[in-house]
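>>> With the input below, show me the fold.
(2 chains)
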Amino acid sequence: MTVLRLIFNEFVGLFVDDEQLALSILAVVAGCWLVVRYAHDTSIIVGVLLLLGCLGVLMASVVQGARKG
Amino acid sequence: MMTWATAAPAISATFLASLVEVVEAFTIVLAVGTVQGWRPALTGTAAGLGVLGLLVLALGPVLNQVPIQSLQLVIGILLLLFGLRWLRKAILRAAGVIALHDEELAFAKETASLTDAVQRDATRRNWIAGLVAFKAVVLEGAEVVFIVIAVGAGRGLLWPAALGALAACLLVLVLGFAVHKPLSRVPENTLKFGVGVMLSAFGVFWTGEGLGVAWPGHDAAILVLAAIFLAAGLALIPVARRPEEVAR
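Purely as a prediction, here's the structure:
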């Protein structure tokens, strides 16, 4: 059981080791989904929003990681 | 129809990502083989590969049942979580904020820990050694399976993606068999940086497709997204660098 739990924890860790980074990515995707859902926009603008959101999240996370050391 | 514009990034992403993971698994299996002999090392490895095979067999039919747009969205989000995490870590490592992964150090640590464990429990030492090899193969292999499925399942690219992973496994096995020591000269952080860039690009592409975005240039948009992530990643390295690192 310990091995299975370890494997499960490691699998979750593939996607989430920095909760703030993971939550920020999910927030960006949720924002884009809201634009598609309520503005009925599936143009490239949503793609650009998604890309810029991810780049913003990456930059913020790297700067924060560098400050923490 | 499959084009080189889509297949080439899929093959190279799975090849590079698998190279990193297989090198890490190889280091641990080599440590087990060195400390306790090749029988438990190979038994653990075979059992691990068996579990991974079952995982693939179980996931295959499930993936075929999921509508393609939902699959693209879920896989896109998972790729973003996975790829941006790798890219962030590679940037911080390149900037000197966190330490680089050292295969020789990992080998020494694994050997010491295993020697200690088998000395404490001499009656079950083959079992312990086999379990260590099994765990390494399953954990690192699960990452390879995920990357192959994530990169390949969105648009019928499972075979090219699997081909990239298989080529990486064969390369590591051949090199490892030849040098018979940890593959410490593999530029792991550069590979992780490249893989982070590719997986993030695939993540934005699939998530966008899952949301219904019609990307200009279709699959070729992946290359443009990868170029943007590469430029952003390279630009962030000096930003993350500490003042004392810059002064050197």
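>>> where's residue B:234 relative to residue B:11, distance?
Applying CB to CB, to the nearest Å, the value for residue B:234 to residue B:11 is 23 Å. For glycine as for every other residue, the C-beta is placed from the backbone atoms N, C-alpha and C.
>>> of the two, who's got more company?
Shown here are residue B:234 and residue B:11; by other CB atoms under 10 Å in any protein chain shown, residue B:11 has more neighbours (22 against 13).
>>> Pretty sure residue B:166 is one of the things that one touches, is it not?
No - using CB atoms under 8 Å, residue B:11 makes no contact with residue B:166, being 10.3 Å away.
>>> show me where the chain has helices.
Defaulting to chain A. A:2-15, A:19-39, A:44-68 (DSSP state H).
>>> try again with chain B
B:4-36, B:38-65, B:68-94, B:103-120, B:125-152, B:158-179, B:188-211, B:221-240, B:243-247.
>>> what's the closest of those to residue A:58?
Residue A:58 sits nearest to helix B:68-94 of all the helices of chain B, at 5.5 Å, using CB to CB.
>>> Summarise which helices and strands the closest one is packed against.
helix A:2-15, helix A:19-39, helix A:44-68, helix B:125-152, helix B:188-211, helix B:221-240 (3 or more CB pairs under 8 Å, 6 or more residues apart in numbering or on different chains; DSSP states H and E).
>>> Any buried residues in the last one, and which?
Read that as helix B:221-240. Under the neighbour-count criterion of 16 or more other CB atoms under 10 Å in any protein chain shown, helix B:221-240 has B:221-223, B:225-226, B:228-230, B:232-233, B:236-237, B:240 buried.
>>> Deepest-packed of the helices and strands packed on helix B:68-94, please.
Mean neighbour count, computed with mean count of other CB atoms under 10 Å in any protein chain shown, is highest for helix B:188-211 among the helices and strands packed on helix B:68-94, reaching a mean of 25.
>>> Give me the angle between it and helix B:4-36.
Orientation check (axes from the mean of the first three to the mean of the last three CA atoms, to 10 degrees): helix B:188-211 against helix B:4-36 gives 130 degrees.
>>> Do any residues in helix B:188-211 lie close to chain A?
Yes - using CB under 8 Å from any CB of the partner chain, we find that helix B:188-211 touches chain A at B:200, B:203-204, B:207-208, B:211.
>>> quick revisit: dump the helices of chain B to TSV, plus mean pLDDT.
Shown next, in TSV, are the helices of chain B (pLDDT from 0 to 100):
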stretch	mean pLDDT
helix B:4-36	84
helix B:38-65	84
helix B:68-94	91
helix B:103-120	77
helix B:125-152	85
helix B:158-179	86
helix B:188-211	91
helix B:221-240	94
helix B:243-247	56
